[in-house]
Each structure stands twice: as C-alpha cells, then as structure tokens.
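Engineer: Quick one, fold the following:
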Amino acid sequence: MLYGYIGKMLFVNLSTGEIEDRPLTAELAKNFLGGYGIGAKILYDEMPANCDPFGEESMFGIVTGPMNGTNALFGGRYTVVSKSPVTGGWNDANSGGFFAPKLKAAGYDAVFVKGIAKEPVYIFIDDGKVEIRDAKHLWGMTSVAFDNAIEEECGSDVKSAFIGPAGENLSLFAAVMNDGHRAAGRGGSGAVMGSKKLKAVVARGTHKTAVFDQEKLLAANKSIVEWMNTGGTGSRDLFGVFGTGGIYLGSVLTNDASVKNWSGTASVDYPEEEAFKVSSQALDPKYKVKKYSCANCPLGCGAIYEVKEGPWPLEFTARPEYETMGAFGSQMINSNAESIIKCNDLCNEYGFDTISAGATISWAMECYENGVFSNEEFEGIELTWGNGEAIVAMTEKLCKNEGIGKILALGTQKAADHFGKGHEYLVVANGIEEPQHDSRLAFNLARTYRFDPTPGRHVKGGGKTMHVAGEPDDFSGTGYNDMLGVVNTEITNCSGACSFMGMCTPSVFVNFEQINAITGFNYSLADRLALGIRIFNMRHAFNVREGFRREDYKLSERFLKSDPPHEGPIAGVVVDIDALSDNFFNTIGWNMDTVPSKDSLEMLGGLEHLIADFYPAEEEE
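Structural biologist: Have a look, this model is predicted:
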C-alpha cells in the first residue's frame, strides 16, 4: 500500500480527447516526494526538449504532496508545473486554500495536460470519473464569478484550479487561481493553461489518503501547536493576526522591500509614517471583516476586507499580502491604501500575479518619470510616483487588456523589448520581476534569484541571512548553508506544506517527521539531504536540456549594486554573485557552467536517466 498518496495520476490530451490513468509508483514517490519533484520528472520524461510553451506538445501539470489530504498541520498547498513562457525554462508555482486535498479526494495525486482544445473546456474529476466539459459559457469570467458559476453547475462541494482573463489572454504573468483569490502566481503557468483553452480543473470526491503512522503524525502536530502557543517566533501574534502584511513596515524601513523601483530608500523617499498607512496594522481596523485559513492551518494568515467608501468600494476582497503591499506601495512610493486594495482585487479577479503586475507598473512609472514614455503613449495616465489614481487606472488597463495594457501584460522585459526602450530601469531575473526581498540586503538571494530553476523566487533557495549595515562584506563559505536551505525548501514545497511551517515549528525536522509518519518511507538524515538535492537537480535538468548554461542566467544590476542609494542599510553594497554561485556549485556538485557532474548524480541515485542524457559517450564505453 502506498501511504500518503492516492497512487494514481491523470493524463489528458485535449487535442485528441484521450483520458489515461497511470499508477504513481512507490519509487517515483520516494525519489521525488510530490509537487514539483514529481512534476519535473514527468515533464522531463514526457515533453520534448525545446518545444513551444504554447504548443500542443507542451504540458501543464497540477501536483499534490503527501501531506495533502491528511490531518498534517500546514499541509494545504499544491503546485502547478509547466515550461515558462517568460524564461523558456522550467516553471513551478504553488498555492494554498482547499484545492489540494480536494484533488486527492477526487482520486488523483496529479493531473497532467497536453494538447489544445478546439474550444474552451474544463476537466471535471468526480470521485475518480473524468470528463472534458464545454467551458465556452465560463470563458471570460473573473475569479469569484467563476467560482460561483462552477459551484452552481457542479455542486457546492467542488473545488477548482482555474484561470481568469489574464490566462485566457496569454499574459506572461497570468496565475492559476483557486478558492476565489488564492493564486499560484509566478512564471506564467496560467498562460500555458490558457493556451490549451483549459479554463479549469474541477474536483470532487470521497477518496481518503492513508497515513502510515497516525500517532507519530499527531505527535508532530502537537509539537507545532505547543511551539506556537508558547511564543515560538511570534508567528501567531504577528502572522496569525495581521497576515504577511504584518511585516510590511519593518521590511520597508530595513530596505528589504523595494522603494522607488529598487532605486530609493525609506529614509529619503518613503518615510515611516507613509509606510505605516499601508501596513496590515493600519488597514485591519478599518477594513477587516473576518480572517480565514487554508486547509489544516493552525495559523490563519488570510483575511477578508470590505471597503465601504471612497472611489473604489469593495464588498468582499482578500487582504493584500506583503508582496502586494510592497509591489503597489513602497515600490511606487504609494501610500494610498485603498488604491492598493483595489489593485490587489483587480489582479486577483482577473488572475494576475501581483508581484509582476506591480513591478511592471513600477517599471513603467520610472520610465515615465524619466521621459522614456510620454503622456500620450500612456493614454493620458499621469503615472507619477505615488499617484494612486493613476496606478489603479493603469492596473485596469492591464487587467482589461486594453491599449497600453496589452503590452504591459507581457511583463517588463518583453514590454521593454517591444518598445525598444526602458531597459535601463528593468529589475528582472531572466525576465522575471523581483519579489519584495532585496538581494543587496540578504546576499544569498542573489544566487537564488539567478540560478534557481525558477528564477526570481523568494520561496526557494537558502541562506537568507541579512547583511548588517557597516559590517564588511564576506562572500566566503556560503555554499553549505545555501545547500541546506535548498534542501529544506525543496522538501517543504514538494510535501504540500506551507512555508510558514519554518516559522511555526521548533525545527525544520518537524516537517520531515510529518513526512515519515505519513509515508512510512523512513527517510534518514542522509536520505533527506539526497532527496532535496535530487529534486533540485531534476528541476534544473529541465533547463540544462533546454540549453541553459551559466551565461544564460542573468540578473539586472539593481539586484547586485547600490548606486543609488547612497545611505541606509544597503548603501554601497556590491554583491559578489560569482563567489556566491561558485560556492554553491562546488557544494552541490555542479561544474562552473551549471551542469551537474556525473559523480554527483550517481551519488544521489534515482537520476540514471539524467546521466544517460548528459554523459552519453561515457555510458557507451
């Protein structure tokens, strides 16, 4: 019996209508765990190299983890996988809510889709029975409207992973949405889904996920609750009350969050009293209606807002996350809180990644301020620093795919390429906009942003120790801690757990205790290291096969140098990205051109297919 899994994967070809069940083997589960571990293995095996992300051979996947569908605390997240239409390499993104356990209850650990439907469709999985259904009447619907419509059509007990108009219009930062305003946001997987004319995967069912040792799982859960109740890291009082936006003010003041499109400092451009206006601590008393939690979450970092007055009233909308506050707030020198709430609602309703959406408008704003674009080119929108009304107007253009918004929906890199200008103001990692954590403050983020298989992600990699102003910069000896961080994030993400586990548990080993209790795989410490690095190599192998080498991974200068700003925590910083990267490559067993060595792949085990692909001549000898 395969504990922690349903033991079945669904493969759908929308061009032919073929529906196929395949077993999830114990070997695949043990070697790659779940989420993007299994997803990368399947896409590497099933997708031809160098295929068009929007072509028939391109695949889109939704993958759960062993914690989903059990009573493991924090086990509520699923992963979407695809080739990124932005980078041309590997892409994954994950989301919380209730879809992950519902997909397993419907009878599948994963769904993989290729082909292109002739007309819009959705896949309905009803307790193991699969149908491809017409979705023409649902095409064009925004998030809450779609959720309401699909529940009316299929029943109130369904959950869906779906796209909004952003994905339908092939925006390169379209998200995959679920539970109204939850989002698997980064890298454009929503556009891949839209290119297949796939509106949604809808799930319902009664299947149970078996647990190997329920008592050990309950003991691990108990240690989490005890840690949180006795103070822990203060996560319950901070994140449980104010959500991720609870760290907004502190992040702005330390220059962790972007200020003025990464060119400014809080002390000069965005003082504390302005930043506070946007924080959850300021917004919750005015707008919070209730809080909400994802599946099996003891924390509950989400909240619902209601805006009753002003130019943008909203009856029911999600509280902006920290990343959104930074993207539409400090990044644009904007302290108009209601404009940020409105932009967050627009992005969630239309299905956009708020990180890239905010960064794209911020890029356009700096270009406008410096005369790169005229008022006429921006269709009369005065996109000046801090202009909340203009920010909302441009976000509406973007969401409705109108005028200049059609080009901005391509993201900053592609928009700059389209217009042939504005490249000097880009802040991107391989074309992906930077999240709201400054690599000039936490140096190893630069390595992660550049060389993670999904570039520009703050929920990947390791070594996020903050630089202390005035201390000498030291870029030696970073590889080992960076590797350990990679191992922990790979396992957390692939297990179906939330990143908040790391802040709500006394040790990363609690997550591993949960995994062993659920699966019965009895991973040792050495197995844990090998598992995390194996998954990381599997994702990276997708990019190696696409032809990516060291020089193909690029970062904008603003990730690495502080000139400006000339004061504050990041003044004068120059990040030695080559030293950080070399340290990591040496530790993980890659050559300096980012190709894993044969010895390292052999030592990890389970990657024989990569050895055959990367070292064919040696295999023949």
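
Engineer: Run the chain-centre distance for stretch 527-545.
Structural biologist: Averaging C-alpha positions (CA atoms, centre = their mean, to the nearest Å) puts stretch 527-545 18 Å from its chain's average.

Engineer: Please name the residues that touch the most centrally placed residue in the chain.
Structural biologist: For the chain, residue 93 is the residue whose C-alpha lies nearest the centre (CA atoms, centre = their mean; 3.8 Å). Residues near residue 93 by CB atoms under 8 Å, 6 or more residues apart in numbering: 79-80, 175-176, 184-187, 189, 454. Just so you know, the C-beta spots here come from the backbone N, C-alpha and C atoms, and that holds for glycine as well.

Engineer: Out of the residues you listed, which is nearest to residue 346?
Structural biologist: Within those, the smallest distance to residue 346 is 12.7 Å, found for residue 175 (CB to CB).

Engineer: ok, that closest one touching residue 350?
Structural biologist: No: the criterion here is CB atoms under 8 Å, and residue 175 misses it with residue 350 at 9.4 Å.

Engineer: what's the overlap in contacts for the two?
Structural biologist: Taking CB under 8 Å, 6+ apart as the criterion, residue 175 and residue 350 both touch 164, 166.

Engineer: So if I had to pick from the two, which one is more boxed in?
Structural biologist: Neighbour count, other CB atoms under 10 Å: between residue 175 and residue 350, residue 175 has more, with 35 against 28.

Engineer: Endpoint to endpoint, stretch 183-192 covers what distance?
Structural biologist: 15 Å (CA to CA, to the nearest Å).

Engineer: List the buried residues for that stretch?
Structural biologist: Residues of stretch 183-192 classed as buried under the neighbour-count rule (16 or more other CB atoms under 10 Å) are 183-192.

Engineer: With stretch 305-322 instead?
Structural biologist: For stretch 305-322, burial by neighbour count (16+ other CB under 10 Å) applies to 305, 307, 312, 314, 317-322.

Engineer: returning to what we had before: let's verify the residue nearest to the centre of the chain: helix, strand, or coil?
Structural biologist: Recorded secondary structure, residue 93: strand (DSSP: H, G, I helix; E, B strand; the rest coil).

Engineer: Ok, residue 326 next?
Structural biologist: Assigned by three-state DSSP, the conformation of residue 326 is helix.

Engineer: so what's the nearest residue to it once chain neighbours are set aside up against?
Structural biologist: Nearest non-adjacent residue to residue 326, counting by CB to CB, 6 or more residues apart in numbering: residue 436, 3.4 Å away. Each residue near residue 436 by CB under 8 Å, 6+ apart is listed here: 251, 256-258, 322-323, 325-327, 331, 355, 458.

Engineer: I'd like to know how far residue 436 sits from residue 328.
Structural biologist: From residue 436 over to residue 328 the distance is 10 Å, taken as CB to CB, to the nearest Å.

Engineer: surely residue 114 meets residue 20?
Structural biologist: No: using CB under 8 Å as the test, residue 114 is too far from residue 20 to be in contact (11.0 Å).

Engineer: which neighbours do these two share?
Structural biologist: Taking CB under 8 Å, 6+ apart as the contact rule, the neighbours common to residue 114 and residue 20 are 11-12.

Engineer: who's more crowded, the two?
Structural biologist: Taking residue 114 and residue 20 together and counting by other CB under 10 Å, residue 114 has the greater number of neighbours (23 against 11).

Engineer: next one: phi and psi at that one?
Structural biologist: phi -130, psi 180 (degrees, to the nearest 10).

Engineer: ok, it to residue 594 distance?
Structural biologist: Taking CB to CB, one finds residue 114 at 28 Å from residue 594.

Engineer: Go through the longest helix along the chain and flag the buried ones.
Structural biologist: Identified as the longest helix of the chain according to DSSP state H is helix 525-545. Neighbour counts over helix 525-545 (16+ other CB under 10 Å) mark 527-545 as buried.

Engineer: still on that earlier bit, from the buried residues of stretch 305-322, which two are the most distant?
Structural biologist: The widest separation within these (CB to CB) is 20.7 Å, between 312 and 322.
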